[in-house]
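>>> Test case, fold it:
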Amino acid sequence: MAGGKQSPRQKMINLMYLVFIAMLALNMSKEVLQAFGLIEENLSASNTALATINSASLADLNTKAATNAKQYGAVAATAQQVSKLSNDYNDYLESVKTMLTSTVKEGSETDYQVQDGTDVLDNAFFVDDKLREEGEKFKAQMNQYKTDMITVLGSGYPAVKADLTVKFDTSEETDRDGIKVEYVQYNYKGYPLIASKTKLTLLQNEVRNIESDVMSQLLQGELIQIASMNNYKAIVNLDKTAFFNGESVTGTVVLGRYDDRTVPSRVVINGQEIPKDAIVNGQIPLTLGSGSVGEKKITGFMEFVEKGEIIKIEIESQYAVIPKPSSATISADKMNVVYRGVDNPMTVSFAGIPDNKVTVSGVGLVKSGVGYMMKPGAGKEVIITATGILPDGKSVSDSKPFRIKNLPRPTGMVSGSYENVKKTRANLGISTVSAEFLDFDFKLTPQVTSFLFQVPGQPSTKVSGTRLNESAKGLLAKARRGDLVQVADIKATVPGVTLKSVSSVTIEITD
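Residues are numbered from 1 along each chain as shown. Predicted structure coming up:
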């Protein structure tokens, strides 16, 4: 159509065809502008509704904090910070939208087909292809909002922080030709006014949705913590606390919840008021004189204040005071098992019989101060036997088996850390490799003697001692930022004990 020698008639036909295509494009453009306007209206309505819901959630948390600061004070404070950051950034975005629409004639606010100009935002944000001060401010405000929100959220809310990182990322974009383009230029330069306004409203919608997510998680997390099964305990309520030989043991088993936030305003047991500062983790200490032999009762009440009213819960129980012991009490001070190769402290006694009238025996058991030390050797079980002499000269004996276990596997550490370890090459080069028994009742310190150092794509090297040697540092120099290097096959010893292999440690290189 554009090449070759053409007649005047053919040229006229071609010109009409071009005009027809232009008219189609113009009509499509107006439809797109109208569609942008309708989307912006819906997003604005959604943002208004979300803002109302978020304000109500914040007010609810503030009310709860006012009545129960210990339980809700911290989450309410976080909610207040999140609300302020969200409102401040939302207001800034609204000011940019106001600037955009300043040239729209009064009465034409919803005539989106005429809001096709690009000059207002382009002139405000750009000088040719470079950002003006206002454009730099736009990007800085987005970065500041993202950074401040992540800081306020602390170590929790990983999904919310991931959303913040993705949806408020101002790094360069790649266009269809594979060319890197500055974020504001890529997303806002040259766009029709209504399209830019819709994008800004979408940003506001992201802010309100993230605020809503945090508000709901703050309240839900607190309720989950309150209702957590970790705060429950199985309570066995026997019909009485002493039974005759051959008699059926009867009672009930119930679930009871306790935590340091559910504390009664007043407690009275057997006529004695319990001080509030004596209540620890929601548990009320009970100390009563046993008295003479026979059945005894425990009575009293707890009072709670709920919505300004006093709720009274009655306390009723009983116990029996019985004479003369008939069996020994043998228990490990630390746990239900004994560990091979180390001293396990134990208490062995007969209730009502002086220690000088009790003899105890068992392989590996020796007297130590007022108690005993058990250092088991080979085998899977050891039996402790206790014999006591009663006041009438008769003897009673009891015994109990204990399982013998090897020490658990130590956890490898780098500078005291073992999870999500991140270090620069310089820091890792001077870090110390160690091993610890985590969540273990014995204070044992394994001594690291050697380990393997591994860098992706490189052969591993063996290191003697607790720090990288020159060979390992040479490997470290080849690691790239983001590489996961590993301290593996850690060898450690505890005097007189054979240890299992020590767990490896993975470190992310950050420079």
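>>> Which helix or which strand is home to the nearest residue to residue 390 once chain neighbours are set aside?
Leaving aside its chain neighbours, residue 390 sits nearest to residue 396 (6.4 Å; criterion: C-beta to C-beta, 6 or more residues apart in numbering). (C-beta placed from N, C-alpha, C; glycine too.) Using DSSP states H and E, residue 396 maps to strand 395-405.
>>> From the contact counts, what lies against that strand?
When contacts are defined as 3 or more C-beta pairs under 8 Å, 6 or more residues apart in numbering; DSSP states H and E, strand 395-405 packs onto strand 328-332, strand 337-339, strand 381-389.
>>> what distance separates the longest one from the centre of its chain?
Taking C-alpha atoms, centre = their mean, to the nearest Å, the mean C-alpha location of strand 381-389 is offset from the chain mean by 46 Å.
>>> Quick one: list the elements packing against that strand.
Judged by 3+ C-beta pairs under 8 Å, 6+ apart, strand 381-389 is in contact with strand 328-332, strand 344-350, strand 358-361, strand 395-405.
>>> hmm, 10 Å instead?
On a contact count with 3 or more C-beta pairs under 10 Å, 6 or more residues apart in numbering; DSSP states H and E, strand 381-389 meets strand 328-332, strand 337-339, strand 344-350, strand 358-361, strand 365-368, strand 371-374, strand 395-405.
>>> buried sites along the strand holding residue 396?
For strand 395-405, the neighbour count (16 or more other C-beta atoms under 10 Å) marks 396, 398, 400, 402, 404 as buried.
>>> Parallel or antiparallel, list what pairs with that strand.
Here strand 395-405 is paired, per DSSP bridges, with strand 337-339 (parallel), strand 381-389 (antiparallel).
>>> tell me the angle it makes with strand 344-350.
Per axes from the mean of the first three to the mean of the last three C-alpha atoms, to 10 degrees, the angle that strand 395-405 makes with strand 344-350 is 160 degrees.
>>> Can you name the residues that contact residue 366?
For residue 366, the contacting residues are 343, 360, 372-375, by C-beta atoms under 10 Å, 6 or more residues apart in numbering.
>>> How about the secondary structure of residue 209?
helix (DSSP: H, G, I helix; E, B strand; the rest coil).
>>> what about the closest residue to it other than its chain neighbours, how many residues close to it?
Excluding the flanking residues, the one nearest residue 209 by C-beta to C-beta, 6+ apart is residue 50, at 6.7 Å. For residue 50, the count of nearby residues is 18 (other C-beta atoms under 10 Å).
>>> again, but for residue 305
12.
>>> Please give the element, helix or strand, for it.
Under the criterion of DSSP H and E, residue 305 resides in strand 294-306.
>>> which residues in the stretch 51-200 of the chain form strands?
Shown for the stretch 51-200 of the chain, the strands assigned by DSSP state E, counting those that start in this stretch span residues 126-127, 130-131, 173-174, 180-181.
>>> Let's have these in CSV, adding mean neighbour count, mean pLDDT and distance to residue 163.
Below are the strands of the stretch 51-200 of the chain laid out as CSV (neighbours: other C-beta atoms under 10 Å; pLDDT from 0 to 100; distance: least, C-beta to C-beta, whole Å):
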stretch, mean neighbour count, mean pLDDT, distance to residue 163
strand 126-127, 15, 91, 29
strand 130-131, 14, 90, 26
strand 173-174, 12, 90, 19
strand 180-181, 12, 92, 24
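>>> To residue 302, which of those strands lies closest?
Ranking those by proximity to residue 302 (C-beta to C-beta) places strand 173-174 first, at 62.7 Å.
>>> which secondary structure elements does the closest one contact?
Secondary-structure packing of strand 173-174 (3+ C-beta pairs under 10 Å, 6+ apart): strand 180-181, helix 183-188.
>>> And the residue most central in space within the chain, its phi and psi?
Centre of the chain computed as the mean C-alpha position; nearest residue by C-alpha atoms, centre = their mean is residue 156, 4.4 Å away. Per-residue torsions, residue 156: phi -100, psi -170 (degrees, to the nearest 10).
>>> I figured it hits residue 74, correct?
No: if you go by C-beta atoms under 10 Å, residue 156 and residue 74 don't touch, sitting 11.6 Å apart.
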